[in-house]
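[1] No letters, just coordinates:
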């Protein structure tokens, strides 16, 4: 693995204009030709490079009043794309915020030791199995502590992260947990503490035990692919020694009230619920086949620093965080399990003597709806004169186009069928 050159981030750095998609256009073919990628990783490369380009089609919008026009291309909607799913993120944060109870909350983090990273990343089968066990062990631990310490059922949401700030493997789960539990008969809310919920040492021991018991079963049943450097795990005696070493380690579990409250934590978790590892604004430049990006050094007072990696190594690191198709990164447990969640939360608010939350307004459905809601900007109107914009559809192109062609399309007058005038969206009468 290539070394990272690091240093303090320049104070003037506010984020670069270079995007991950451009890096994949430049260096993705070499990765593809090396034949080291899984099909799901190749699929992500294709999606990110095509995102918001003529390859996916889009619309031309223009103003018949003043002549203004712009081109809007479709997004890929891949959950690993840093350009996509802003509306999905906003919808997720809004829905989780509506579910918050008027009680204290805690932020828990469960982390796997780095010794498991090589095994977890060796194959998609391993990745799926070990990350599922991470969810299962963390959830079972919290639910059991809820029963033992509070005498009822607790509710929490878990969100998977697989990276650190330098894109290295760092498998961990963030949890947002309401401090309290619903009694078994559903007639009482059992309040938890505001500064302390469950003992961290006890959480760590139980989490470690549950995870390693499940891992031992997976290995004994030969349901994991063993990398060459771990081939001794096929031998029962060697496997027991390796598991004993992991049992002697102290596994990292964090549990504290969110510093700025549960809403702020939801905002933080929302940044990566529908994307992965790094956002475009952290990529500063690419010179001499070296990508420069900034990161936060947690061990140095959270200082912002820069790192430089060979481009192919940077992209390789990003691709290690691509999840298997269908693997859920966000999961809800206990009182927040999807079945009857709304009714349970209403019952708890009634027990707490707090007003019932009115039925939420319908979620905005389009990017234009969200822009009107969050920013007060109506992208269906001309920014120059305020008139309604007309639009016509642009069909997808069969192949990616060079940058010069993209530039030509942005200035040419399309001739793909008759234009369709926008109709004003319905206005609320409330």
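    All right, it came through fine. All values reported here derive from a predicted model rather than from experimental measurement.
[2] Helices of the stretch 51-200 of the chain, start to end?
    Assigned by DSSP state H, counting those that start in this stretch, the helices in the stretch 51-200 of the chain fall at 86-98, 117-121, 124-145, 200-220.
[3] Residues touching stretch 228-239, excluding its own?
    Identification of contacts with stretch 228-239 by C-beta atoms under 8 Å, 6 or more residues apart in numbering yields 118-119, 216, 219-220, 222, 226, 242. Where C-beta positions appear, they are placed from N, C-alpha and C, glycine not excepted.
[4] For that stretch, measure first residue to last.
    End-to-end distance for stretch 228-239: 14 Å, by C-alpha to C-alpha, to the nearest Å.
[5] Make 50 the starting number, not 1.
    Yep, numbering from 50; the last one is stretch 277-288 now.
[6] wait, isn't residue 276 in contact with residue 167?
    Yes. At 5.8 Å, residue 276 counts as touching residue 167 under the criterion of C-beta atoms under 8 Å.
[7] looking at the helices of the stretch 100-249 of the chain, which is buried most?
    helix 173-194 (a mean of 20; mean count of other C-beta atoms under 10 Å).
[8] Show me what that one is packed against.
    With contacts taken as 3 or more C-beta pairs under 8 Å, 6 or more residues apart in numbering; DSSP states H and E, helix 173-194 sits against strand 154-160, helix 166-170, strand 204-212, strand 218-227, helix 249-269, strand 379-383.
[9] how about 10 Å then?
    helix 88-99, strand 154-160, helix 166-170, strand 204-212, strand 218-227, helix 249-269, strand 302-305, strand 379-383 (3 or more C-beta pairs under 10 Å, 6 or more residues apart in numbering; DSSP states H and E).
[10] Quick one: distance of that helix to the chain centre.
    17 Å (C-alpha atoms, centre = their mean, to the nearest Å).
[11] now do stretch 242-260
    Counting by C-alpha atoms, centre = their mean, stretch 242-260 is centred 25 Å from the centre of its parent chain.
[12] and that stretch, average pLDDT?
    In this model, stretch 242-260 has an average pLDDT of 95.
[13] Can you tell me which of the helices of the stretch 100-249 of the chain is nearest to residue 117?
    helix 135-147 (23.9 Å; C-beta to C-beta).
[14] Check which helices and strands the closest one is in contact with.
    helix 311-319, strand 379-383, helix 416-419.
[15] Mean neighbour count and mean pLDDT added to those, as JSON lines?
    JSON lines is the format used below for the helices and strands packed on helix 135-147 (neighbours: other C-beta atoms under 10 Å; pLDDT from 0 to 100):
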{"stretch": "helix 311-319", "mean neighbour count": "18", "mean pLDDT": "88"}
{"stretch": "strand 379-383", "mean neighbour count": "19", "mean pLDDT": "96"}
{"stretch": "helix 416-419", "mean neighbour count": "17", "mean pLDDT": "66"}
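[16] out of these, nearest to residue 198?
    Among those, the nearest to residue 198 by C-beta to C-beta is strand 379-383 (13.6 Å).
[17] partners of that closest one in the sheet?
    Note on strand 379-383: by DSSP bridges, its sheet partners are strand 204-212 (antiparallel).
[18] For the stretch 250-399 of the chain, just list every one of the strands.
    302-305, 332-336, 339-346, 352-359, 379-383 (DSSP state E, counting those that start in this stretch).
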